[in-house]
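S.K.: Okay, predicted coordinates and the sequence, questions at the end:
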Amino acid sequence: MNINLPEKKSSEKSDWLLFPQEVNRDDIEKEIKKTPIPIQRILNYYLLTDFENKYEEIYLFLRHFNENKKIPIEKINDPIIYKIIKTARSIQRQIHKLMGLLRFREIEGGYLYASFTSDFNVIGPLTLHFSRRFPEERLIIHDTKRRKALFVEKGMLYEVVFLNTLPPDTDEESFFCQLWQRYHQNISITERENKKLQRQNIPIKFQHWLTEFKGIYSLHQLDGDRENT
């Protein structure tokens with residue numbers, strides 16, 4: 001595996017615990033493409049983290065993998081491999097959850113806007129998913145935690161820079177938001193409330209930007225994402 005890394009005189013396994021002084025990201029990504037599809041998926045998920053040393057960790061993962069190809073990756077006893085596989089699974093679960101929880105609202109100008117926060121930088125996979133589901137719509141998906149937004153129109157993706165606040169919701173959107181909130185409140189049975197189960201299905205970190213929870217959180221909290229753009 002040629003990754004343009006500094007040569008090491010010793011080949012002892014203890015050297016694996018030391019990160020290389022410099023890792024060429026382009027070469028690492030090329031090496032990922034040479035691995036089997038299941039390994040590619042794991043590492044591509046891990047690239048969605050915000051860890052500063054993720055390329056160094058992937059380098060160590062690839063080194064272990066190439067030197068132990070006859071052993072299933074899950075059975076290689078190494079903390080880096082365990083960390084990457086565990087984190088990749090968490091990212092996959094969070095993307096799947098956000099695909100079901102993301103809420104779009106119509107804003108003036110003919111756009112469908114959705115904001116969210118996430119533990120990982122998953123705006124790319126989310127945007128691709130919804131661009132395929134709604135190919136005729138003009139979408140803006142906004143990761144408020146990272147202050148990053150992507151705009152989709154006719155299958156093309158563009159990065160958005162907000163210079164001012166977002167346009168307001170359309171009158172029709174405001175009307176249907178109120179209907180949805182009222183419906184959510186009316187179907188709730190106070191005597192059978194189970195906050196613990198609710199938090200398991202919809203963690204609190206996701207609730208604050210969901211339409212149906214606007215009655216729980218203050219208007220300032222809910223619209224803070226827009227004011228900060």
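M.R.: Structure's in. What do you need?
S.K.: helices or strands up against the helix ranked longest in the chain?
M.R.: Counting residues, the longest helix in the chain under DSSP state H turns out to be helix 79-101. Identification of packing neighbours for helix 79-101 by 3 or more CB pairs under 8 Å, 6 or more residues apart in numbering; DSSP states H and E yields helix 37-46, helix 54-67, helix 123-133, helix 204-207. All C-beta spots, glycine's among them, are computed from the backbone N, C-alpha and C.
S.K.: which one of the ones you listed is the most hemmed in?
M.R.: helix 54-67 (a mean of 19; mean count of other CB atoms under 10 Å).
S.K.: the inter-axis angle of it versus helix 37-46?
M.R.: Computed by axes from the mean of the first three to the mean of the last three CA atoms, to 10 degrees, the angle separating helix 54-67 from helix 37-46 equals 170 degrees.
S.K.: From the chain's centroid, how far away is helix 54-67?
M.R.: Taking CA atoms, centre = their mean, to the nearest Å, one finds the center of helix 54-67 at 22 Å from the center of the full chain.
S.K.: now for that helix, which elements pack on it?
M.R.: helix 25-33, helix 37-46, helix 79-101.
S.K.: In a markdown table: those helices, plus distance to residue 72 and mean pLDDT.
M.R.: Formatted as a markdown table, the helices and strands packed on helix 54-67 follow (distance: least, CB to CB, whole Å; pLDDT from 0 to 100):
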| stretch | distance to residue 72 | mean pLDDT |
| --- | --- | --- |
| helix 25-33 | 19 | 93 |
| helix 37-46 | 10 | 97 |
| helix 79-101 | 11 | 95 |
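S.K.: Kindly present the ones you listed as CSV, with separate columns for distance to residue 177.
M.R.: Below are the helices and strands packed on helix 54-67 laid out as CSV (distance: least, CB to CB, whole Å):
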stretch, distance to residue 177
helix 25-33, 42
helix 37-46, 33
helix 79-101, 16
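S.K.: For residue 155, find the nearest of the ones you listed.
M.R.: helix 79-101 (18.6 Å; CB to CB).
S.K.: shouldn't residue 135 be in contact with residue 153?
M.R.: No. Residue 135 is beyond contact range of residue 153, at 10.0 Å (criterion: CB atoms under 8 Å).
S.K.: Enumerate every residue touching residue 161.
M.R.: residue 149 (CB atoms under 8 Å, 6 or more residues apart in numbering).
S.K.: Identify the residue nearest the geometric centre of this protein.
M.R.: Taking CA atoms, centre = their mean as the criterion, residue 122 is the residue nearest the geometric centre of the chain, at 2.2 Å.
S.K.: Can you get me a residue count around the residue lying closest to that residue once chain neighbours are set aside?
M.R.: In space, residue 122 comes closest to residue 95 once its chain neighbours are excluded; the distance is 5.1 Å by CB to CB, 6 or more residues apart in numbering. Applying other CB atoms under 10 Å, we find 18 residues neighbouring residue 95.
S.K.: With residue 143 instead?
M.R.: Using other CB under 10 Å: residue 143 sits among 21 other residues.
S.K.: Equivalent analysis for the one 5 residues further on, please.
M.R.: Using other CB under 10 Å, residue 148 is surrounded by 15 other residues.
S.K.: quick one, phi psi at it?
M.R.: Torsion angles at residue 148 (phi, psi; degrees, to the nearest 10) stand at phi -130, psi 140.
S.K.: list the helices and strands the helix or strand where residue 142 lies packs on?
M.R.: Taking DSSP states H and E as the definition, residue 142 sits inside strand 139-143. Where contact means 3+ CB pairs under 8 Å, 6+ apart, strand 139-143 is packed against strand 111-116, helix 123-133, strand 148-153.
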